[in-house]
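Participant: for reference, the sequence and a predicted model appear below.
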Amino acid sequence: MPRDAASAEALLKDIFGFDAFRPGQGEIVEAVAQGENVLAIMPTGGGKSLCFQLPALMRGGITVVISPLIALMRDQVRGLREAGVAAGALTSGNTEEENDAVWDMMQRGELKLLYLAPERLANGGTQRMLQTAGVSLIAVDEAHCVSQWGHDFRPDYLRIGELRNALGVPLAAFTATADLETQQEIVSRLFGGAQPSTFLRGFDRPNIHLAFQPKDGPRAQILSFAAARRGRAGIVYCGTRAKTEGLAKALRDEGHSACHYHGGMEADDRRSVEERFATEDGLIVCATVAFGMGVDKPDIRWVAHADLPKSIEAYYQEIGRAGRDGAPAETMTLYGPEDIRLRRSQIDEGLAPPERRAADHGRLNALLGLAEALGCRRKALLAYFGEEAGDTCGNCDLCDRPPELFDATEAVRKGLSAALRTGESFGAGHLIDILLGKDTDKVKQRGHDSLPTFGIGKDLSRGQWQAVFRQMMGHDLMRPDAERHGALVMTDRARPILRGEETIQLRKDILAKASERRPAVK
Ligand code: ADP
Ligand code: ZN
């Protein structure tokens, strides 16, 4: 059945049953079908597979698809065969007969798509067979697996460049990982350094409402968020296993249907939670990031983070599990100074080389910048992924209620000076005591009541100072030092402000809110 001449739109409808392309799909399909080398970055669930499956049908010859996930390959092969497309897979999960049948189809020239597990490339026989099989395109799914820095590194992915050279055909690489470093690694290892046509599309999920809140009695914040969404399916992502259990219990005590999920549970128990979540209405799962891979529920109505996620990429993936059906969905992410302290110390105490650690601090800064954003959150989020957006989205907390800003230069300088005058050896609590002129035992013992900074911050309340310090950490003006119990240390970024060369704006609404909701306790 010759399809080379068929238009992309006709195939989209006839074979895949879709009426229209998703954002970005059309242009990527066209570039791949025309034989360009392509790097496409699309979010998970954005519809990457179509971007190589459809061109495979438009081009003559065989498209080899390399993917690290055997289960996914099987699903795709099954789906394609049901749609009448000649597809097959060569994986270690196959029986000998299955593999032989695929080779036979290929030799008869009947196969259109051949899915290949990367470890197959280590076999010289496979490479030789492919050279005589009439391959016209290589598609690489999860292309970030070629990155040695990444968590999903697959050494066999390094052989793909070799295969491309041997076959002399175009290559299309797909990934959901958007950071620049990974992109560069993909370009150098898969494309031999020659810049492919690069597409970054479809990161906007306009139906998902975005919101962040500083932690201020986090358990109560989660309970009240859930209470306002009673009966609707949601996920609460937690930083620790213990917290998943504690929060699930607290939610049940409030009459919700809720359970916990984490990597320390027996496989059977985890599977039963996944099944309940898929089939029951309105279940809440309190989970660590271990919950996600197997979650394919289209109507998750909300996702909350009880702790700051690991990175913008992780944040995006986790909130992205909500509202896959396109109907409105809501998210809320909590963050606080303890999250910042924890993440910084995880980076500093890790085994990564110094330049890697610097990059990780930079990534954390990007996430904190999103948390402390002054304007539309969606615009900030998409900008991180390199996608442009309008100034306001109308569907985030900052568009709903634009934050009131104030010139915080003076407050920040006072805060920095309190830290510097005490040898950068104390956390925010003690520094705030000094600024407020509180003669606590600790203040008196250290003689901090005789510092020039003692009592110079009485114009702000304790809650307001807490918000200033949190935002200073969020803007990376101060970093908690992991080796000294989170003592706040000034960063280079803060110097121009301290020297009076730069001014800084901070958000005021949150200041008021934090102090309103929890009266200062000493
Ligand atoms: P990923 O980018 O994560 O690989 P998939 O290719 O698995 O995503 O696609 C995610 C889902 O979106 C699939 O269920 C797929 O059938 C669906 N999909 C892909 N393209 C379209 C489209 N143009 N219209 C409607 N649904 C689509
Ligand atoms: Zn917005």
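Facilitator: All right, it came through fine. Ligands and ions are numbered 1, 2, ... in the order given.
Participant: tell me how many other residues crowd residue 404.
Facilitator: Residue 404: 11 surrounding residues under other C-beta atoms under 10 Å. From N, CA and C alone the C-beta is placed, and that goes for glycine too.
Participant: I figured it was touching residue 398, is that so?
Facilitator: No: with contact defined as C-beta atoms under 8 Å, residue 404 and residue 398 do not form a contacting pair (11.2 Å).
Participant: what sits in contact with each of the two?
Facilitator: Residues touching both residue 404 and residue 398 do not exist when contact is defined as C-beta atoms under 8 Å, 6 or more residues apart in numbering.
Participant: output the longest helix belonging to the chain.
Facilitator: If each helix of the chain is counted by residues according to DSSP state H, the longest one is helix 354-371.
Participant: return the list of helices and strands in contact with it.
Facilitator: Contact analysis of helix 354-371 by 3 or more C-beta pairs under 8 Å, 6 or more residues apart in numbering; DSSP states H and E lists helix 312-319, strand 329-335, helix 337-349, helix 377-384, helix 462-474 as its packing neighbours.
Participant: buried stuff in that helix?
Facilitator: Burial within helix 354-371, assessed by neighbour count using 16 or more other C-beta atoms under 10 Å, is assigned to 359, 360, 361, 363, 364, 365, 366, 367, 368, 369, 370, 371.
Participant: write out the residues of the stretch 201-350 of the chain neighbouring ligand 2.
Facilitator: By the criterion of C-beta under 5 Å from the ion, no position of the stretch 201-350 of the chain is found lying close to ligand 2.
Participant: can you map out the helices along the stretch 201-350 of the chain?
Facilitator: For the stretch 201-350 of the chain, the helices defined by DSSP state H, counting those that start in this stretch occupy 218-227, 241-253, 267-279, 312-319, 337-349.
Participant: and the residue of the stretch 151-300 of the chain nearest ligand 2?
Facilitator: Nearest to ligand 2, among the residues of the stretch 151-300 of the chain, is residue 210, at 7.0 Å (C-beta to the ion).
Participant: does that residue really touch residue 320, like I thought?
Facilitator: No: in this structure, residue 210 sits apart from residue 320 without contact. The criterion is C-beta under 8 Å, and the distance is 11.2 Å.
Participant: ok so, going back, for the helices of the stretch 201-350 of the chain, give me JSON lines that also has mean pLDDT and mean neighbour count.
Facilitator: Converted to JSON lines, those look like this (pLDDT from 0 to 100; neighbours: other C-beta atoms under 10 Å):
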{"stretch": "helix 218-227", "mean pLDDT": "97", "mean neighbour count": "17"}
{"stretch": "helix 241-253", "mean pLDDT": "98", "mean neighbour count": "18"}
{"stretch": "helix 267-279", "mean pLDDT": "95", "mean neighbour count": "14"}
{"stretch": "helix 312-319", "mean pLDDT": "90", "mean neighbour count": "22"}
{"stretch": "helix 337-349", "mean pLDDT": "89", "mean neighbour count": "18"}
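Participant: looking at the protein, which helix or strand does the model trust least?
Facilitator: Confidence across the helices and strands of the chain bottoms out at helix 509-517, with a mean of 51, counting by mean pLDDT, DSSP states H and E.
Participant: where does pLDDT dip in the stretch 151-300 of the chain?
Facilitator: For the stretch 151-300 of the chain, applying pLDDT under 70 flags the ranges 293-294.
Participant: distance-wise, check the residue in it that ligand 1 sits nearest to relative to residue 383.
Facilitator: Closest to ligand 1 within the stretch 151-300 of the chain is residue 176: 6.8 Å, counting by C-beta to the nearest ligand atom. Taking C-beta to C-beta, to the nearest Å as the measure, residue 176 falls 18 Å from residue 383.
Participant: which parts of stretch 292-305 are buried?
Facilitator: 292, 295, 297, 300, 301, 302, 303, 304, 305.
Participant: among those, which pair sits farthest apart?
Facilitator: Using C-beta to C-beta, the buried residues of stretch 292-305 span at most 18.0 Å, a distance reached by 297 and 305.
Participant: adding distance to ligand 2 and pLDDT, write the buried residues of helix 354-371 out as CSV.
Facilitator: Compiled in CSV, the buried residues of helix 354-371 are given as follows (distance: C-beta to the ion, whole Å; pLDDT from 0 to 100):
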residue, distance to ligand 2, pLDDT
359, 28, 76
360, 27, 83
361, 27, 85
363, 22, 83
364, 23, 89
365, 21, 87
366, 18, 86
367, 17, 92
368, 18, 92
369, 15, 89
370, 12, 94
371, 14, 94
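Participant: export those residues to a markdown table and tack on distance to ligand 1?
Facilitator: Output for these, formatted as a markdown table (distance: C-beta to the nearest ligand atom, whole Å):
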| residue | distance to ligand 1 |
| --- | --- |
| 359 | 26 |
| 360 | 25 |
| 361 | 29 |
| 363 | 22 |
| 364 | 26 |
| 365 | 28 |
| 366 | 23 |
| 367 | 22 |
| 368 | 28 |
| 369 | 27 |
| 370 | 23 |
| 371 | 26 |
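Participant: out of the residues you listed, who's nearest residue 12?
Facilitator: Looking at these and their distance to residue 12, the nearest is residue 370, at 34.7 Å (C-beta to C-beta).
Participant: how about the closest one: what's its closest non-neighbour residue?
Facilitator: residue 380 (5.3 Å; C-beta to C-beta, 6 or more residues apart in numbering).
Participant: mind listing what the one you found touches?
Facilitator: If you count contacts by C-beta under 8 Å, 6+ apart, then residue 380 has 369, 370, 373 around it.
Participant: tell me if I am right that the last one is in a helix.
Facilitator: No: counting by DSSP: H, G, I helix; E, B strand; the rest coil, one finds residue 373 to be coil, located in no helix.
Participant: excluding chain neighbours, give the residue nearest to it in space.
Facilitator: residue 380 (4.6 Å).
Participant: surely residue 199 and residue 38 touch.
Facilitator: Yes: applying C-beta under 8 Å as the test, residue 199 and residue 38 come out as touching, 6.9 Å apart.
Participant: when those two are compared, which one has more neighbours?
Facilitator: When residue 199 is set against residue 38 and neighbours are counted by other C-beta under 10 Å, the residue ahead is residue 38, at 27 against 19.
Participant: the strands in the stretch 1-150 of the chain, which residues?
Facilitator: Counting by DSSP state E, counting those that start in this stretch, the stretch 1-150 of the chain forms strands over residues 38-41, 62-66, 87-90, 113-116, 135-140, given from the N-terminal end onward.
Participant: of all the ones you listed, which lies closest to ligand 2?
Facilitator: Closest of those to ligand 2 is strand 38-41, at 22.4 Å (criterion: C-beta to the ion).
Participant: pull up the pairing partners for that closest one, direction included.
Facilitator: Paired neighbours of strand 38-41 in the sheet (DSSP bridges): strand 171-175 (parallel), strand 197-200 (parallel).
Participant: deepest of the ones you listed, which one?
Facilitator: Neighbour counts (mean count of other C-beta atoms under 10 Å) averaged over each of the strands paired with strand 38-41 peak at strand 171-175, with a mean of 27.
Participant: that strand to strand 135-140, inter-axis angle?
Facilitator: What separates the directions of strand 171-175 and strand 135-140 is an angle of 20 degrees, with axes from the mean of the first three to the mean of the last three C-alpha atoms, to 10 degrees.
Participant: residue 252 against residue 246, yeah?
Facilitator: No: applying C-beta under 8 Å as the test, residue 252 and residue 246 come out as separate, 11.0 Å apart.
Participant: tally of neighbours for residue 306?
Facilitator: Under the neighbour criterion other C-beta under 10 Å, residue 306 is assigned a count of 23.
Participant: likewise for the one 4 residues further on?
Facilitator: Neighbours of residue 310 under the rule other C-beta under 10 Å: 18.
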